[in-house]
Every structure is written in C-alpha cells, then in structure tokens.
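A.B. asks: how would this look folded up:
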Amino acid sequence: MAERPVLVLAATGGQGRAVTAALLDRGAEVRALVRDPAGAGAQALSRRGVNVVPGFLDDADSLTRAMRGVAGVFALTTPFESGTDAEVAQGRAILAAVRAADVPHLVFSSVAGAARPTGVPHFDSKAIVESEVRASGVPYTILGPTYFFDNALGGQDRILAGSLDLPLPSDRPLQQLARADHGAFAAEVLLHAGKYAGRRIELAGDAPTPAEMSRSLSDAVGLEVRHTRYPVESIGNPDMHAMWEFLNGPGYQVDIPALHAAHPEIAWTSFGAWARQVFAAGS
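C.D. replies: You can find the predicted model right below:
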C-alpha cells in the first residue's frame with residue numbers, strides 16, 4: 001500500500017474517475033488534478049476525501065506542484081480537444097514534471113495497438129509519448145486499453161430506438177474493456193509498482209461481435225436492438241476514419257485468455273454484464 005498519496009491526472013474524466021474510485025476502494029490516499037476545483041465533478045471527489053488540486057495537462061509548473069511528494073502518478077494525454085500535436089506536448093509537460101518532482105513511478109495510459117504501425121493519428125501521437133516515456137529514465141508502466149464499452153453510450157439514443165450503429169461486419173470481434181476494470185488494473189499497478197516497472201501491458205476484457213453486442217443490449221434494454229453497419233467511408237473525421245479502418249483490418253491483438261489468467265484479481269467484466277449494469281441503472 002502506498003504511504004504517500006497517489007496523483008490521478010484528469011481525475012474528473014472517464015479514465016480518471018475509474019482509477020480514483022479503484023484507489024479509494026483499496027484504501028489509498030488520492031490527490032486529484034482537475035482543471036476546475038469548483039466544478040461538480042471535483043466537488044464530488046472532495047466529498048469522498050480526495051485532495052483536489054488545480055492544474056492542466058500541458059502546464060508543467062502546475063503538474064510539478066501537484067506531483068510533489070506523491071508515491072506515483074496516473075497520467076493520460078488526449079488529442080480530442082486540440083489535436084495530436086497538443087497531445088504530444090501534454091506528454092512532454094507530464095514527463096518534465098515527473099522529473100522535476102522526482103516521482104517514483106509513472107503509469108501512462110496509452111492505447112492498445114500504439115506499439116505497432118497503425119496509421120491512426122491518435123495512436124501515433126500516443127506512440128510518440130510512449131517512446132519518450134521509455135527514453136526518459138523515469139520509472140514507468142504503460143497501459144494500453146482497447147475500445148471502452150462506454151463508447152457505445154455515444155449512440156445511446158439510437159440503441160434505445162433499436163439500433164447499434166457500428167462500422168464493422170456483424171461477425172467481427174471487437175476487443176473492448178470496462179472502464180472500471182481499467183481503473184482496477186491501474187490501481188493494482190500504482191499500489192504494487194515494483195511488479196510492473198518497465199512493462200507495457202495491453203488490456204481487454206471481452207471481444208464481442210456487433211451481433212453479440214446487439215443481443216446483449218436487447219436483453220439489457222428490453223427491446224430488440226439490431227446491428228446497423230454503416231460504411232467506414234462515411235466517417236468524415238480523418239482520425240476516426242483511420243481508427244475504424246484499423247479495427248476492420250488488423251485490429252487490437254490482446255491475448256485475452258493469457259491476460260485474464262495472469263490477473264485473476266481483476267473482475268474482467270463482459271460486455272453483457274456491463275450493458276445490464278448500465279441500462280438497469282438508467283431505467
């Protein structure tokens with residue numbers, strides 16, 4: 001167990017919330033970096049006993065202040081607000097702060113597939129950050145989550161109208177992961193750094209096909225949900241277009257049975273179990 005606090009960056013985002021919750025469940029002291037400490041998400045963390053501090057992923061000074069005296073840092077970068085160049089800049093600011101604050105262990109959340117040439121812009125930008133993490137001399141672990149189950153909720157209205165829209169063949173498996181399992185795995189790494197230092201680990205909990213996802217969603221929402229395949233060519237965003245080309249091609253390649261056998265301490269939620277939980281909660 002870490003005797004000093006663990007810092008979670010972007011703690012009010014999807015990944016950050018999951019990691020924070022998993023650390024709190026394990027009795028760890030958590031410090032959370034957020035952009036707006038007065039926001040509802042930050043205040044919810046404060047009520048759970050989290051030490052909330054202000055900062056930005058591209059601001060090395062605020063990151064350094066937040067990292068002083070911590071046992072480890074959970075970090076991620078994102079291209080989805082300002083682009084992939086900004087994502088790389090975030091990674092460099094994080095690394096500069098980790099060195100300045102002499103952080104004992106950095107857990108960087110990247111993406112599965114980034115260690116291979118994919119042509120996906122936000123995979124490539126994470127690959128640059130990964131390479132700089134490895135070259136930095138900072139003690140690190142890199143996690144590579146696959147597609148999150150929660151991404152389906154971007155089409156929740158369509159699901160509730162009976163359609164799961166995915167640009168994949170109905171029989172094409174898509175490796176995916178529950179955010180809670182990602183958070184649990186990151187917490188395991190942060191609290192037992194010695195077992196994981198210097199490793200890169202890709203994470204997936206399940207690999208349902210769109211047809212299987214549709215059946216699970218049908219059971220969860222209580223109406224028939226059919227898979228609607230739309231063409232990759234119709235995706236206008238170049239980054240998302242490239243990602244779905246990759247997922248229709250080589251795709252993620254996590255050895256799921258080996259991963260789960262090596263880490264029985266993680267729940268490894270199935271897509272069906274996730275769908276039942278999420279839609280039951282929303283009903």
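A.B. asks: for this structure, which segments count as helices?
C.D. replies: Assigned by DSSP state H, the helices in the chain fall at 14-25, 40-47, 60-67, 84-100, 121-135, 156-160, 179-191, 193-196, 210-221, 238-248, 256-262, 271-282.
A.B. asks: weakest of these in terms of mean pLDDT?
C.D. replies: Across the helices of the chain, helix 271-282 has the smallest mean pLDDT, namely a mean of 89.
A.B. asks: in that one, what counts as buried?
C.D. replies: Neighbour-count burial for helix 271-282, counted by 16 or more other C-beta atoms under 10 Å, picks out F271, G272, A273, W274, A275, R276, V278, F279. (C-beta placed from N, C-alpha, C; glycine too.)
A.B. asks: the fourth one - nearest residue in space that isn't next to it in sequence?
C.D. replies: The one in question is W274. Distance criterion C-beta to C-beta, 6 or more residues apart in numbering; nearest residue to W274, sequence neighbours excluded, is F149 at 4.6 Å.
A.B. asks: that neighbour: neighbour count?
C.D. replies: Using other C-beta atoms under 10 Å, F149 has 25 other residues around it.
A.B. asks: also V8?
C.D. replies: V8: 36 neighbours (other C-beta under 10 Å).
A.B. asks: check contacts around the residue nearest to W274.
C.D. replies: Q176, L177, A178, R179, G205, T269, F271, W274, A275, V278 (C-beta atoms under 8 Å, 6 or more residues apart in numbering).
A.B. asks: now render the buried residues of helix 271-282 as a markdown table, adding distance to A135.
C.D. replies: Formatted as a markdown table, the buried residues of helix 271-282 follow (distance: C-beta to C-beta, whole Å):
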| residue | distance to A135 |
| --- | --- |
| F271 | 37 |
| G272 | 41 |
| A273 | 40 |
| W274 | 37 |
| A275 | 41 |
| R276 | 44 |
| V278 | 40 |
| F279 | 44 |
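A.B. asks: so which of the contacts of F149 comes closest to R47?
C.D. replies: Set against R47, the nearest of those by C-beta to C-beta is R179 (20.7 Å).
A.B. asks: quick check: that closest one touching D150?
C.D. replies: Yes. Assessed by C-beta atoms under 8 Å, R179 is found in contact with D150 at 5.7 Å.
A.B. asks: who has more neighbours out of these two?
C.D. replies: Ranked by neighbour count (other C-beta under 10 Å), R179 and D150 place R179 first, with 22 against 16.
A.B. asks: state the distance from the more buried one to Q15.
C.D. replies: Going from R179 to Q15 by C-beta to C-beta, to the nearest Å gives 7 Å.
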